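*Asks:* sequence plus predicted model, see below.
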Amino acid sequence: MQHSEKKQPVSVKKLLLILIGSAAGLAVLIAGGTYVYLRCAEAGRDRDEALRTERAQGDAARWVQEKYGFTPEITDVDLKRDGALFDSYYTGTAIVWASDGDNSFRVLVGEGDEHTGDDYQHQEIEDALLEEVNGILSGGKVLRFEYVNKGNDGSFVRKKFTGDNLKSILPELMQLHLKLGYVNTEFANAPDFPILRDFEIFTEMFSFDSAAHLADALQTEVYFRGEDWAPMLTGGLYVRADGSEAFSYDVMDCGDFKVMYSYEQEGAPPKVTLEDGDAVIRRFREQYPNTDLATGTAHGWKVVTGGQAFYLYYPVHGEIPTMRYIDAVVEAETADESTYFQHSNMYAHGDYYVLECNYIPIHRIAVIE
């Protein structure tokens with residue numbers, strides 16, 4: 001009689017080891033495959049980006065050569081993308097930075113020449129527009145030139161400016177916003193500005209009380225706002241497509257400082273009284289002990305409004321510091337008598353540091369000098 005050999009059952013421990021080994025091997029395989037796939041995808045994206053960059057550089061150089069007659073030096077390329085962070089795609093548009101050897105400029109490269117433009121002549125175009133305006137009301141200086149054009153910087157134009165075709169160039173500069181500065185100019189009976197009205201160039205004109213203040217604004221401001229310079233302005237003018245409107249800033253002299261009150265709602269001007277500035281600073285430090293505040297004398301005031309916003313102007317004493325600001329702490333009290341603090345920097349504009357305050361009814365303000 002033959003006896004068959006009885007197989008021993010596989011132990012649970014061995015079975016688990018086999019399963020774990022198989023799973024680990026599969027994981028390594030998947031990880032390796034994923035790594036190879038991602039590396040290949042990344043290499044493909046890099047090649048695609050390099051080709052698009054090279055094409056944008058060539059298109060920009062060709063555009064400048066055909067339009068202006070010189071070959072630019074290409075310094076940088078920004079390929080525009082759209083979509084979600086991990087699902088973005090190239091739009092077919094690029095911004096190419098270039099130079100003629102002396103001046104830097106940009107070329108907007110799109111799909112075909114009808115979507116391509118540049119800002120090489122932007123200064124010539126701005127100067128020509130200012131000359132047109134000064135031919136009607138002389139003395140204007142450009143404080144700010146802003147463009148909005150189909151989601152891109154509106155200084156990109158397709159046509160070449162020849163000096164006598166400004167009116168054919170302006171339609172490409174959609175939604176222009178122009179800010180001009182004058183000195184001691186009366187705007188109540190300002191003349192009409194057809195070139196601004198016809199091309200819907202929203203324009204703000206500001207009259208400064210001195211040439212020195214206008215020069216300061218031209219030299220120091222990146223983004224000019226009339227509210228920041230109100231104590232040094234004698235008036236202004238809005239020029240819109242539907243007509244012109246003169247305006248002025250009503251600035252209260254409060255002794256040590258000035259306040260401009262916003263009359264957006266009916267109500268009396270703000271009431272201003274002295275406040276213990278050191279006490280405001282002390283309460284602020286108790287709540288925010290780690291905040292870095294400047295050391296110095298704390299001047300304090302309580303400003304009570306009807307809930308309107310206002311601007312506070314504190315005079316600059318001596319030389320303006322390098323950073324052009326001083327510290328201010330605002331303890332704001334709401335209508336239900338709850339309070340909160342705000343630490344702000346008052347930046348210098350001309351002769352004053354400026355603090356913009358919101359619509360809270362009561363402000364206790366401490367300025368550290």
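*Replies:* Arrived safely, thanks for sending. Computed from a predicted structure; not experimentally measured. Numbering: from 1, shown residues only.

*Asks:* where along the stretch 201-350 of the chain do the strands fall?
*Replies:* Here the stretch 201-350 of the chain has its strands, by DSSP state E, counting those that start in this stretch, at 202-208, 233-240, 243-247, 251-253, 258-261, 271-275, 298-304, 310-315, 325-333, 339-349.

*Asks:* what's the angle from the third one to strand 233-240?
*Replies:* In this case it means strand 243-247. Counting by axes from the mean of the first three to the mean of the last three CA atoms, to 10 degrees, strand 243-247 lies at 160 degrees to strand 233-240.

*Asks:* again with the longest one
*Replies:* For strand 339-349 against strand 233-240, the angle between stretch directions is 90 degrees (the same axes, to 10 degrees).

*Asks:* who does strand 339-349 touch, helix- and strand-wise?
*Replies:* Secondary-structure packing of strand 339-349 (3 or more CB pairs under 8 Å, 6 or more residues apart in numbering; DSSP states H and E): helix 277-287, strand 325-333, strand 352-357. Using the backbone N, CA and C atoms, a C-beta is placed for each residue, glycine as well.

*Asks:* direction included, what does the second one pair against?
*Replies:* In the sheet containing strand 325-333, its partner strands are strand 339-349 (antiparallel), strand 362-368 (antiparallel), by DSSP bridges.

*Asks:* and the last one, by the same measure?
*Replies:* Each strand pairing with strand 352-357, determined using DSSP bridges, is listed with its direction: strand 310-315 (antiparallel), strand 339-349 (antiparallel).

*Asks:* quick one on the thing from earlier: how about CSV for the strands of the stretch 201-350 of the chain, with mean pLDDT, mean neighbour count and distance to residue 176 added?
*Replies:* Formatted as CSV, the strands of the stretch 201-350 of the chain follow (pLDDT from 0 to 100; neighbours: other CB atoms under 10 Å; distance: least, CB to CB, whole Å):
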stretch, mean pLDDT, mean neighbour count, distance to residue 176
strand 202-208, 94, 23, 7
strand 233-240, 92, 19, 11
strand 243-247, 88, 13, 16
strand 251-253, 90, 13, 29
strand 258-261, 87, 20, 27
strand 271-275, 90, 14, 39
strand 298-304, 92, 20, 37
strand 310-315, 93, 21, 27
strand 325-333, 92, 21, 31
strand 339-349, 92, 16, 24
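
*Asks:* next, format these as TSV and append distance to residue 216.
*Replies:* Output for the strands of the stretch 201-350 of the chain, formatted as TSV (distance: least, CB to CB, whole Å):
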stretch	distance to residue 216
strand 202-208	9
strand 233-240	12
strand 243-247	22
strand 251-253	18
strand 258-261	17
strand 271-275	27
strand 298-304	24
strand 310-315	14
strand 325-333	16
strand 339-349	8
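
*Asks:* quick one: which of those is nearest residue 214?
*Replies:* Closest approach to residue 214 among the strands of the stretch 201-350 of the chain (CB to CB): strand 202-208, 4.2 Å.

*Asks:* how is the chain divided into domains?
*Replies:* 24-118, 125-148+160-244, 251-368 (automatic domain parsing).

*Asks:* can you flag the weakest of those domains by average pLDDT?
*Replies:* For those, the bottom mean pLDDT is recorded on domain 24-118, which sits at a mean of 80.

*Asks:* now the element after the one helix or strand residue 60 maps to, going C-ward?
*Replies:* For residue 60, the host element (DSSP states H and E) is helix 12-68. As assigned by DSSP H and E, the chain's next helix or strand after helix 12-68 is strand 73-84.

*Asks:* next, the buried residues of that following strand.
*Replies:* 74, 77, 79 (16 or more other CB atoms under 10 Å).

*Asks:* could you do stretch 217-236 as well?
*Replies:* For stretch 217-236, a neighbour-count test (16+ other CB under 10 Å) marks 217, 221, 224-236 as buried.

*Asks:* what's the closest of those residues to residue 308?
*Replies:* Using CB to CB, residue 227 is the member of these that lies nearest residue 308, at 13.3 Å.

*Asks:* quick check: closest non-adjacent residue to the closest one.
*Replies:* Ranked by CB to CB, 6 or more residues apart in numbering and with sequence neighbours excluded, the top spatial neighbour of residue 227 is residue 311, at 5.6 Å.

*Asks:* what about the one you found, distance to residue 184?
*Replies:* Taking CB to CB, to the nearest Å as the measure, residue 311 and residue 184 are separated by 22 Å.

*Asks:* what's the answer for residue 192, then?
*Replies:* From residue 192 to residue 184 the distance is 22 Å (CB to CB).

*Asks:* over to residue 238?
*Replies:* From residue 238 across to residue 184, the span is 19 Å (CB to CB).

*Asks:* what residues are up against the residue nearest the centre of the chain?
*Replies:* Computing the C-alpha centroid of the chain and ranking residues by CA atoms, centre = their mean puts residue 223 first, at 8.2 Å. Residue 223 sits next to residue 144 when contact means CB atoms under 8 Å, 6 or more residues apart in numbering.

*Asks:* all set now, cheers.
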